[in-house]
Structure formats: structure tokens, C-alpha cells
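# what's the 3D shape of this:
(one chain, ligands or ions: 1)
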Amino acid sequence: MFCVNRIIIITARRALQPWLHLDFIFYMTTAGRRYKKCLEVLHGTTDRVIMERRKELLKMGEDLGYSGIDIDDIGRRRRVAFLDLLLLAARDGSLSDSDIREEVDTFMYAGHDTTEAAISFALSHLPSHPDVQEKIWEELKSVFDWSQPLQPTTQQLSELKYLEMVIKEVLRLNPPVPVILRDITEDEKLPSSHVMPNGTVMIISPWAAHRNPEVFPDPEKFDPERFSADETARRHPYAFLPFSAGPRNCIGQRFAMLEMKSVLAKAIWNFEMFVEPGFTVRPGWKVIMKPANGVRIRLENRR
Ligand code: HEM
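Next up, the predicted model:
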């Protein structure tokens, strides 16, 4: 993660320094050399993951005709893991090793920092909202057995509707991806009758859209009830954009939601959270928006 963070910071700074856009100048700087070193570390990790899985696939009988269609004990078709699909597709030469690595890199690194940021922001909001914690706690008790350690299944996580509303409210106030970019590929007439010409790069800010008081009244107030079924139905589907929208939206959003629910459910199942006096979270933006000064809270064991 040290290398992911370093690369993100260097990339963000480089974007604002046009003279560093030229590779031969960039790689002569200290930042450029650090960037290169970190990239080697990240590629090494990804290559190792790919190599290990490739070996396992061979052991599982890829050569004996394993086609990616995995049948379980009772004859049901199982879903094939993403990396397996890529490795199987690579057998006929349609994907090179570096194509596979690029895809795996995107998944590993797009999915990590963003989810971490969202969980951190959630932990920063919960201590100052004991009523919200209490409601999540009640919901957890209605789904899980208090006498057992929490081992949630996907089905149980999908029953945690209130926790989902809380996570969405966290993503509204603190979208880990606060800005997305799109190229306009044909002239686009806006409702104001201004025309955005083909070739324009459009900057869309979910962070700003989520603070539109006409859509989210009293926007700075943390209020998970905004995401009740009724309230959601009243809004335009693109009013809430933490995972972007359209054909290039976040492919990992359902997984991310399960991951966030799982971590937060475990935290609230075990601990009550209290404000750490004197601490205020400070959001920082380096491609991903996350707490710049960490999150400090007090925990009290529930058992
Ligand atoms: C809270 C967590 C997450 C947030 C807020 C988030 C947000 C986003 C956003 C806004 C985009 C679109 C970027 C753009 O339009 O330029 C995106 C794309 C993407 N995300 Fe996520 N993401 C999260 C978690 C994940 C996870 C867990 C994975 C993978 C397991 C993932 C994989 C991807 C990939 C592969 C893309 C690129 C999709 C494409 O270009 O077609 N994300 N994400």
C-alpha cells in the first residue's frame, strides 16, 4: 500500500506540472525514479498473483480441458473467477501477459483504496451519531445470533438495509472518487441551451452534485434516511454518483458494498463507538478522497 499511495501522490502532482508530462524529464527527477521503483514493486506483486493462479489452474487440469465452466458437486454451474477467465482467454493468444496484468492491476488497486476510504469515513461519522449506531445494532441483532461470533453470509449482508442506507449517506458526503472525467464525443446541447462541443473534456464532481440543496436539502447534515426507498425513488437515478454512472461505471460496486457492510457490521457488532475529544477528521484529496489525518475514535467492547 505504501507504493500505491506513493504512486497516487506522484501522479496527482505530475498532473499539475505540465513539464513533467514528458517521460524523459519526469524519469530524471527524484519523483520519477521513486515512481519507477514503486511501479516495479506493484507489477511484481501482480505478476506473482497471476503466476500462482496460472500454476493452480494447470494443476486443476486446464490442459485436460478445463474450460472455465466449473460444475459443483450437484451439477450447478459455478461462476468463474475473473482472473481465471483472463488466463483462459489468454490461451488462444487474444490476451498478452501485460494485458492480463493491466486488468488485474486495475481491479487490485481500484478496489482497495476506494473501499478503505469509504470505511474510514464511515468510522469517522458513526461516533457522533449514537442514534444511527443504535439502529444498525438493532438491525444486526435481528439478522444475526448474538451468542455467535459474526460470520455474515452474502444473503445476510443483503438483509442489512439500514446499514446500506448509512453507507450510502457516507458515500454521499465523502465520495472517495470526488471527480470523474468524460470526453464529449459529439456536440451536446445543455438544458441552458449552451453547447458543449465535441472533444470537450467534462469534469463531473459527485462531491458537488451530492451537495446540491435542491436534491439533498440541508446537504451537510448526516442523515441516512435520505436513502430510504421512498426518498430514493423521488430522486433522479444520477443524483447519487459515488460509483459513477453509465457504461463505464464502477464494475466493483456490489462487491464494494458487501465488503463495506461486512467490515462495518463486524465493527458495530463488537464495539460501541465514541468521539475522541478534540479530533476532527480532515478530508484530503489525492485522486482518492480519504481522511488526511487518519480517524481517531474511542471503542467500548459490547460484551
Ligand atoms: C467504495 C468503493 C468504490 C468506489 C467509491 C468506486 C468508485 C469508482 C468510480 C467512480 C469509478 C468510475 C471512474 C470513472 O468514471 O472514471 C470506478 C471504476 C472502476 N472500479 Fe470502482 N469503486 C469502488 C470499489 C471498487 C472495487 C471493490 C473494485 C474491484 C473489485 C472496483 C473496480 C473498478 C474498476 C475495474 C473500474 C473501471 C471500470 C471501467 O473503466 O469500465 N471498484 N470505481
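# skipping adjacent residues, who's closest to N249 in space?
Using CB to CB, 6 or more residues apart in numbering and skipping the chain neighbours, the partner closest in space to N249 is F243 (5.4 Å). Any C-beta I mention is one placed from the backbone N, CA and C, and that applies to glycine too.
# residue contacts, the one you found?
249-250, 253, 256 (CB atoms under 8 Å, 6 or more residues apart in numbering).
# please redo it, this time with the cut-off set to 10 Å
By CB atoms under 10 Å, 6 or more residues apart in numbering, F243 lies in contact with 114, 171, 175-177, 180, 206, 249-254, 256-257.
# just the closest of those residues to the ligand, please.
Nearest to the ligand among the contacts of F243, counting by CB to the nearest ligand atom, is G252 at 2.1 Å.
# now, which of the contacts of F243 lie within strands?
Under the assignment DSSP state E, the contacts of F243 contribute I180 to strands.
# does the helix or strand in which M51 is found reach the ligand?
Assigned by DSSP states H and E, M51 belongs to helix 30-59. No: residues of helix 30-59 are not located near the ligand by CB under 6 Å from any ligand atom, the shortest gap being 13.4 Å.
# equivalent analysis for stretch 103-111, please.
Yes: counting by CB under 6 Å from any ligand atom, the ligand is contacted by stretch 103-111 at 106-107, 110-111.
# for A245, which non-adjacent residue is spatially closest?
Y238 (5.0 Å).
# doesn't that neighbour fall inside a strand?
No: counting by DSSP: H, G, I helix; E, B strand; the rest coil, one finds Y238 to be coil, located in no strand.
# wait, it touches N212, no?
No: assessed by CB atoms under 10 Å, Y238 is found out of contact with N212, at 11.6 Å.
# all strands for the stretch 151-300 of the chain, in order.
Here the stretch 151-300 of the chain has its strands, by DSSP state E, counting those that start in this stretch, at 180-183, 188-189, 195-196, 201-204, 271-275, 283-286, 288-291, 297-301.
# relative to the ligand, which of the ones you listed is closest?
Nearest of those (CB to the nearest ligand atom): strand 180-183, 4.1 Å.
# next, the buried residues of that closest one.
For strand 180-183, the neighbour count (16 or more other CB atoms under 10 Å) marks I180 as buried.
# how about stretch 148-165?
Result for stretch 148-165 [16+ other CB under 10 Å]: buried residues 150, 152, 156-157, 159-160, 162-165.
# what's the burial count for the closest residue to the ligand within the stretch 1-150 of the chain?
Nearest residue of the stretch 1-150 of the chain to the ligand, counting by CB to the nearest ligand atom: G111, 3.0 Å away. Per other CB atoms under 10 Å, the neighbour tally for G111 reads 16.
# which one is it nearest to, not counting chain neighbours?
Per CB to CB, 6+ apart, closest to G111 is G252, 4.9 Å.
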